[in-house]
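Visitor: sequence unknown, structure follows:
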């Protein structure tokens, strides 16, 4: 009995050992090696071949990461027809379509293939083959840049594509014939291009559909034909946003006693023509509409010529008939917002913005308080409207002498100080605070030159929040200076205001117009865009070198119909 039990125990141990799963001992080294390619069918650099299916075999089990997005195939094929699977250690791609004759195809797998156990991606995995006798070898390379970057420049999801000149599609209508993606620094290269004439684009493909969205995604284009007969290097793209939808007046509407013009997008430049505009009729823009106000109700329709333009330059010009009837609808209450919290040195810059045009201001109850009992009475001649046709932004600039040692200055308005066009008073007292700075605590100056750009130029000093602290407009000279600045971290931004309209204009694709160039001061030693200003300091020679404009350097230009 004892012999039998011992035999059974030995047999059980033997069988258990034979059936045990083999695995890496606990605490062993982590596998950090990516899978290695054992075989490609067809072989890399093959010629005179039209495969229906592609196989790549690795030395270990693999998995795919978002293959539809991460695998870039050039030239363009129908990716909706492709079937991509990973089974054990083999990647299979069934094309389900006929390939073009005498064409070099590139399958760039980027980081889509990784080992199953640890997720180590295979780097620089490409398959190149040709349906003809030769492998095309031309390249198109360069760098992308943002005209209006955030605090951090992120180059993920930026695609660069070229289309044959004879192709009737573009970056907004179809994916490109040849395509690549920028790296983390903005550099890109498209390889294995067939010689010929092309159109070139770059865009931020946020929704991963390999096309640019004309309303929301940043993009850029090269207006001229790209002749690729040799490798092209140092190509520059400068991405920016700009809704490419044409501007339209969609409808008009009567809201209470006001008349609304409603557009499909926000108008920027507004020109209204009517004899009573600025006298008894005023307007406010915003929320894709222009709202007309009349001091009195009018029984007859009033004619207005409306000429408006959007941010990309689309324009609409039309004639409308506005009505200002009686209404029992209760008017909207008057609201006030101020640029409160703003710091200043000598000139107190107050901006009060109202939701409706003002009819009058009672200055008797409007003053600036400082210390505990001291005040500066506001006089009518101290007030002005930014736009007399709108009367919605009230400006007040008061010189505060250094002899006033107070730090906080508060504008105060009693109730019933402001009276709007719909006979509404402000119902509550309004206050807003401003901080006076001391000269000894300010940075003395920052100055420099713009090298390589002709005017007009807009020079902006941006604070750490990206807000404009100071602004200069230069017509032709390239020298700038800002004086007496609050200590902090800043950037210097320059806009090449080519049309001299005192603002930046984005690209207009349909009209073949580039976005106005935007660039920044960059420290030549560190590459940092930030400058630090300290009290009593002067920063000189903050010279700004203009970066490359969009295009191919030193290539003869020819017009392209975009």
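Guide: Looks like it came in fine. In this text, all values refer to a predicted model and were calculated from it rather than measured experimentally.

Visitor: Going by C-alpha atoms from here, please, whenever you check contacts or count neighbours.
Guide: OK.

Visitor: where does the nearest residue to residue 371 once chain neighbours are set aside land on pLDDT?
Guide: Spatial nearest neighbour of residue 371, excluding adjacent residues (CA to CA, 6 or more residues apart in numbering): residue 406 at 6.0 Å. As predicted, residue 406 sits at a pLDDT of 92.

Visitor: Surely residue 406 and residue 370 touch.
Guide: Yes: if you go by CA atoms under 8 Å, residue 406 and residue 370 touch, sitting 6.3 Å apart.

Visitor: what about the stretch 151-300 of the chain, any weak spots by pLDDT?
Guide: For the stretch 151-300 of the chain, residues meeting the criterion pLDDT under 70 lie at 151-152.

Visitor: the strands in it, which residues?
Guide: Secondary structure of the stretch 151-300 of the chain (DSSP state E, counting those that start in this stretch): strands at 158-164, 178-181, 187-193, 196-204, 219-228, 232-239, 249-255, 258-263, 269-273, 281-286, 289-294, 298-309.

Visitor: Quick check: buried residues in the fifth one?
Guide: By that I understand strand 219-228. 219, 220, 221, 222, 223, 224, 225, 226, 227, 228 (16 or more other CA atoms under 10 Å).

Visitor: do the longest one as well
Guide: Across strand 298-309, burial judged by 16+ other CA under 10 Å covers 304, 306, 307, 308, 309.

Visitor: and the residues you listed, which two are the farthest apart?
Guide: Distance extremes for the buried residues of strand 298-309: the farthest pair is 304 and 309 at 16.1 Å, using CA to CA.

Visitor: Give the residue spans of the stretch 1-150 of the chain that score low on pLDDT.
Guide: For the stretch 1-150 of the chain (pLDDT under 70), the answer is 1-29, 150.

Visitor: can you give me the helices for it?
Guide: With DSSP state H, counting those that start in this stretch, the ranges of helices along the stretch 1-150 of the chain come out as 2-19, 67-70.

Visitor: Domains in the protein, by residue range?
Guide: Per automatic domain parsing, the structural domains of the chain span 37-130, 138-239, 249-324, 336-437, 441-545.

Visitor: Of those domains, flag the one that's most buried.
Guide: Greatest average neighbour count among the domains of the chain goes to domain 138-239 (a mean of 19), per mean count of other CA atoms under 10 Å.

Visitor: Between the two ends of it, how far is it?
Guide: End-to-end distance of domain 138-239 (CA to CA, to the nearest Å): 25 Å.

Visitor: in a strand, that's where residue 397 is, yeah?
Guide: Yes: secondary structure of residue 397 (DSSP: H, G, I helix; E, B strand; the rest coil): part of a strand.

Visitor: Let me see the contact set for the closest residue to it other than its chain neighbours.
Guide: The shortest distance from residue 397 to any non-neighbouring residue, by CA to CA, 6+ apart, is to residue 349 (4.8 Å). Going by CA atoms under 8 Å, 6 or more residues apart in numbering, residue 349 touches 395, 396, 397, 398.

Visitor: Can you read off the pLDDT for residue 349?
Guide: The per-residue pLDDT reported for residue 349 equals 94.

Visitor: Pull up the gap between it and residue 366, please.
Guide: As judged by CA to CA, residue 349 and residue 366 stand 15 Å apart.

Visitor: Residue 191 now?
Guide: Distance, residue 191 to residue 366, by CA to CA: 69 Å.

Visitor: Could you do residue 137 as well?
Guide: Distance from residue 137 to residue 366, by CA to CA: 75 Å.

Visitor: Roughly how far does residue 43 sit from residue 57?
Guide: Distance from residue 43 to residue 57, by CA to CA: 11 Å.

Visitor: same thing with residue 141?
Guide: Residue 141 is 31 Å from residue 57, by CA to CA.

Visitor: which ones are touching the closest residue to residue 204 other than its chain neighbours?
Guide: Spatial nearest neighbour of residue 204, excluding adjacent residues (CA to CA, 6+ apart): residue 158 at 4.3 Å. Taking CA under 8 Å, 6+ apart as the criterion, residue 158 is in contact with 181, 182, 202, 203, 204, 205.

Visitor: now residue 531
Guide: By CA under 8 Å, 6+ apart, the contact set of residue 531 is 489, 490, 491.

Visitor: at 10 Å what do you get?
Guide: Taking CA atoms under 10 Å, 6 or more residues apart in numbering, we find residue 531 in contact with 446, 463, 488, 489, 490, 491, 492, 521, 522, 523, 539, 542.

Visitor: which residues in the stretch 301-450 of the chain form strands?
Guide: Using DSSP E, counting those that start in this stretch, the strands found in the stretch 301-450 of the chain span residues 315-324, 336-338, 343-344, 347-354, 358-361, 366-370, 374-377, 383-385, 393-399, 408-413, 418-420, 430-436, 443-451.

Visitor: Tell me the spacing between the closest residue to residue 486 other than its chain neighbours and residue 203.
Guide: Leaving out its chain neighbours, the residue that sits closest to residue 486 by CA to CA, 6+ apart is residue 442, at 5.0 Å. Counting by CA to CA, the separation of residue 442 from residue 203 is 42 Å.

Visitor: Straight-line length of stretch 207-226, end to end?
Guide: One end of stretch 207-226 to the other measures 27 Å (CA to CA).

Visitor: Actually, stretch 178-193.
Guide: One end of stretch 178-193 sits 8 Å from the other (CA to CA).

Visitor: Distance from that stretch to the middle of the chain?
Guide: In this view, stretch 178-193 has its centroid 20 Å away from the chain centroid, taken as CA atoms, centre = their mean, to the nearest Å.

Visitor: Can you show me the strands along the stretch 1-150 of the chain?
Guide: Going by DSSP E, counting those that start in this stretch, the stretch 1-150 of the chain shows strands at 37-41, 53-58, 62-64, 72-74, 83-87, 90-94, 104-108, 113-115, 126-130, 138-146.

Visitor: From the rest of the structure, what touches the fifth one?
Guide: So the one you mean is strand 83-87. In this structure, residues lying in contact with strand 83-87 by CA under 10 Å, 6+ apart are 53-57, 61-64, 67-68, 71, 91-96, 113.

Visitor: still on that earlier bit, using TSV, lay out the buried residues of strand 298-309 together with pLDDT and distance to residue 330.
Guide: Below are those laid out as TSV (pLDDT from 0 to 100; distance: CA to CA, whole Å):
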residue	pLDDT	distance to residue 330
304	97	26
306	98	28
307	98	31
308	98	30
309	96	32
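
Visitor: quick one: which of these is nearest residue 360?
Guide: For the buried residues of strand 298-309, the residue nearest residue 360 by CA to CA is residue 304; the value is 24.9 Å.

Visitor: In contact with that closest one, which residues?
Guide: Per CA under 10 Å, 6+ apart, neighbours of residue 304: 271, 272, 273, 274, 275, 277, 318, 319, 320, 321, 322.

Visitor: try 6 Å
Guide: 273, 274, 319, 320 (CA atoms under 6 Å, 6 or more residues apart in numbering).

Visitor: mind checking how far the second one is from residue 286?
Guide: According to CA to CA, residue 274 and residue 286 sit 20 Å apart.

Visitor: likewise the third one?
Guide: Summarising the geometry, the distance separating residue 319 from residue 286, computed by CA to CA, is 20 Å.

Visitor: ok, residue 145 touching residue 238?
Guide: Yes: under the contact definition of CA atoms under 6 Å, residue 145 touches residue 238, with a separation of 4.7 Å.

Visitor: give me the beta-bridge partners of residue 91?
Guide: On the basis of DSSP bridges, residue 91 is bridged to residue 56, residue 86.

Visitor: Renumber starting at 357 from here on
Guide: In the new count, where the first residue is 357, that last one comes out as residue 447.
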